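J.: Just to be clear, the model below is a prediction. Sequence and coordinates:
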Amino acid sequence: MNKQKEIKNRNFLLLILFLFSTTLLSLRTLKEVNVQDIRISGSELFSKNDLLNNSSFKFPIRLIYIKTKFLEKELKQNLSLKHVSVRRQIIPFGLKILINTRTPIAFGERIVNDEKILGFIDKDGIFINKQNAENINLSELTIQVVGWKEKFKKILSKIFIAQENYELEITKVTFSTNGFLILEEKDLKKIFLGFDPNLINYQLQIIKNLKNEFKDNNFPGEIDNIDLTYPNKPKIKVFKP
């Protein structure tokens with residue numbers, strides 16, 4: 001009997017402790033998060049105010065009302081981040097935000113409301129505003145991208161991969177206002193690629209082959225431009241003495 005009584009008492013205490021802990025946690029989730037309750041890690045570039053200014057959430061806000069996935073999406077897009085993780089915490093109380101920035105590999109230029117915006121481009125073709133860029137080694141940035149738009153990022157990523165794999169020396173990528181693509185390469189000069197993004201892999205392969213021929217001195221003269229708008233019928237213009 002005494003043993004059964006001890007078990008009942010222990011279970012009762014455990015139940016009370018569980019109910020107390022659950023109530024405490026529930027109350028903590030209803031507590032308001034203030035700016036001082038935000039902890040940032042992964043980068044020293046961004047301040048708490050940067051995060052607040054690039055979020056639709058208004059602080060103070062109750063912890064339970066913070067939609068972490070939505071906040072992650074906002075910060076990633078507005079600050080051009082590679083990755084961001086937002087976690088609600090009870091102990092210590094507040095928000096823990098882990099930030100992973102993008103590394104620039106090219107200079108970038110875009111037009112927003114008829115205003116030229118200067119920044120950088122990363123290997124995924126993502127535009128990074130100047131104030132959101134870190135780990136910049138200007139001496140290593142040899143490519144300039146003009147006319148960047150969101151829809152061009154996949155094409156840019158393929159160009160950057162070809163730049164590395166094919167040992168190309170691309171100096172400039174230009175998207176005209178109507179989307180016509182032009183590359184400039186150190187030896188091959190200006191290369192017209194046109195409007196069709198589905199041709200880019202094929203066109204880059206042709207550029208690789210032309211580059212190899214140039215290295216082997218198989219060109220009769222100095223190149224002026226190459227037209228690969230129709231890659232099956234390439235046109236090469238050379239300077240004539």
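T.: That came through, no problem. All of these numbers come straight from a predicted model, not from anything done at the bench.

J.: what pLDDT does the residue lying closest to residue 197 once chain neighbours are set aside get?
T.: Leaving aside its chain neighbours, residue 197 sits nearest to residue 155 (5.3 Å; criterion: Cβ to Cβ, 6 or more residues apart in numbering). Heads up, the C-betas are built off the backbone N, CA and C, glycines and all. The model reports residue 155 with a pLDDT of 97.

J.: Tell me if residue 155 really is in a strand.
T.: No - with DSSP: H, G, I helix; E, B strand; the rest coil as the criterion, residue 155 is located in helix rather than a strand.

J.: give me every residue that touches it.
T.: Each residue near residue 155 by Cβ atoms under 8 Å, 6 or more residues apart in numbering is listed here: 125, 181, 197, 200.

J.: contacting residues around the second one?
T.: With contact taken as Cβ under 8 Å, 6+ apart, residue 181 is in contact with 155, 173, 174, 175, 192, 193, 194, 195.

J.: Separate out the buried members of the contacts of residue 155.
T.: Buried subset of those (neighbour count, 16 or more other Cβ atoms under 10 Å): 125, 181, 200.

J.: Could you dump the residues you listed into a markdown table with distance to residue 56, secondary structure and pLDDT added?
T.: Below are those laid out as a markdown table (distance: Cβ to Cβ, whole Å; DSSP: H, G, I helix; E, B strand; the rest coil; pLDDT from 0 to 100):
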| residue | distance to residue 56 | secondary structure | pLDDT |
| --- | --- | --- | --- |
| 125 | 26 | coil | 97 |
| 181 | 35 | strand | 98 |
| 200 | 36 | helix | 97 |
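
J.: so can I have TSV of the residues you listed showing distance to residue 163?
T.: What follows is those, written out as TSV (distance: Cβ to Cβ, whole Å):
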residue	distance to residue 163
125	12
181	15
200	13
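
J.: that older thread, what about the contacts of residue 181, which one has the most neighbours?
T.: Counting neighbours by other Cβ atoms under 10 Å, residue 173 comes out on top of the contacts of residue 181 with 26 neighbours.

J.: hang on, that one in a strand?
T.: Yes - under three-state DSSP, residue 173 falls within a strand.

J.: Against residue 118, how distant is it?
T.: Counting by Cβ to Cβ, to the nearest Å, the separation of residue 173 from residue 118 is 15 Å.

J.: try residue 141
T.: 12 Å.

J.: Show the contacting residues for the residue nearest to residue 129 when sequence neighbours are not counted.
T.: Counting by Cβ to Cβ, 6+ apart, residue 129 lies nearest to residue 119, which is 4.8 Å off, once chain neighbours are set aside. Counting by Cβ under 8 Å, 6+ apart, residue 119 touches 107, 108, 109, 110, 127, 128, 129, 130, 132, 133.

J.: likewise residue 167?
T.: Residue 167 neighbours (Cβ under 8 Å, 6+ apart): residue 211.

J.: Any stretches of this protein with poor pLDDT?
T.: 1-30, 218-221, 240-241 (pLDDT under 70).

J.: Mind doing that once more with 80?
T.: Scanning the chain for pLDDT under 80 picks out 1-31, 217-221, 239-241.
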